[in-house]
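Peer 1: Got a predicted structure here, sequence first:
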Amino acid sequence: MFCPKCGTESAAGARFCTHCGTPLAPLEDIAPAAAPAAESIPNPGQSDAGGGAPAAGTTSGLQRNVAGLLCYVLGWLTGIIFYLVEKDPFVRFHAMQSILTFGGVTAVYIVIAILLPMGLWRLWFLFHTLGTLLWLASVVLWVLLMVKAYQGERYKLPVVGDLAERYAGGRFCSSCQ
């Protein structure tokens, strides 16, 4: 018997796909006790150290790693939204790190935009090169921080991470991560 969703071959009497968990028989034929418990499936990127403990949710109802990723999607804007909405320390840390990191990048862009028309247009090549390097570094940092947050890591940037940790509510205990 082949899974209709992923195409993996399963044993003849199997009720669920061994690869993706899709029911292989009509749902009416499956006893409620045979369905896998939602609590036993860990969040992506989170360790299953609790022996199948339920995944920690957030104030917004999202999984912690998804909310952490969304803190970075629109830079400091989504960081502010999640910082104001969420109470989870993991999400608040990523929200504050997003605000400080990408808010700082935006401030540097504004300074460059103000200095260029003030007679420093002669240094256009320098400002253009700095702006391009800043943009490239921002994109790499943006992707890195989103991936680390989705993996469930509390990845701290060298200077900004300490500030974000302080403003997000202090040091984290091992059970908060």
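Peer 2: Nice, I can see it. All figures in this text were calculated on a predicted structure; none of them were measured in a lab. Numbering: from 1, shown residues only.

Peer 1: Who does E9 form a beta bridge with?
Peer 2: E9 forms beta bridges with F2, as assigned by DSSP bridges.

Peer 1: What values do phi and psi take at the residue positioned nearest the centre of the chain?
Peer 2: Geometric centre of the chain, nearest residue: L69, 1.8 Å, by CA atoms, centre = their mean. Main-chain dihedrals, L69, degrees, to the nearest 10: phi -60, psi -40.

Peer 1: Can you name the residues that contact it?
Peer 2: Residues near L69 by CB atoms under 8 Å, 6 or more residues apart in numbering: 146, 149-150. For glycine as for every other residue, the C-beta is placed from the backbone atoms N, C-alpha and C.

Peer 1: I'd like to know which of those residues is nearest to L157.
Peer 2: Closest to L157 out of these is A149 (12.2 Å), distances taken as CB to CB.

Peer 1: Quick check, that closest one in contact with Y155.
Peer 2: Yes - in this structure, A149 is within contact of Y155 by CB atoms under 8 Å, at 7.3 Å.

Peer 1: Which one's more surrounded, those two?
Peer 2: Between A149 and Y155, counted using other CB atoms under 10 Å, the more crowded position is A149 (28 against 15).

Peer 1: in what helix or strand does the more buried one lie?
Peer 2: In this structure, A149 sits in helix 124-150 according to DSSP states H and E.

Peer 1: What is the subsequent helix or strand relative to that helix?
Peer 2: Scanning forward in sequence from helix 124-150 by DSSP H and E, the next helix or strand is helix 160-167.

Peer 1: pLDDT score for T132?
Peer 2: Looking at T132, its pLDDT stands at 87.

Peer 1: Pull out the buried positions in stretch 77-86.
Peer 2: Residues of stretch 77-86 classed as buried by neighbour count (16 or more other CB atoms under 10 Å): 78-83, 86.

Peer 1: contacts for that stretch?
Peer 2: So stretch 77-86 is contacted by 58-60, 67, 70-72, 91-92, 94-99, 102-103, 168 (CB under 8 Å, 6+ apart).

Peer 1: Now which of those residues would you call buried?
Peer 2: Buried subset of the contacts of stretch 77-86 (neighbour count, 16+ other CB under 10 Å): 58, 60, 67, 70-72, 91-92, 94-99, 102, 168.

Peer 1: of all those residues, which comes closest to F127?
Peer 2: The nearest member of the buried ones among the contacts of stretch 77-86 to F127, counting by CB to CB, is F102 at 19.9 Å.

Peer 1: can you give me the angle the helix or strand where the closest one lies makes with helix 124-150?
Peer 2: Using DSSP H and E, the element containing F102 is helix 89-115. With axes from the mean of the first three to the mean of the last three CA atoms, to 10 degrees defining the directions, helix 89-115 sits at 170 degrees from helix 124-150.
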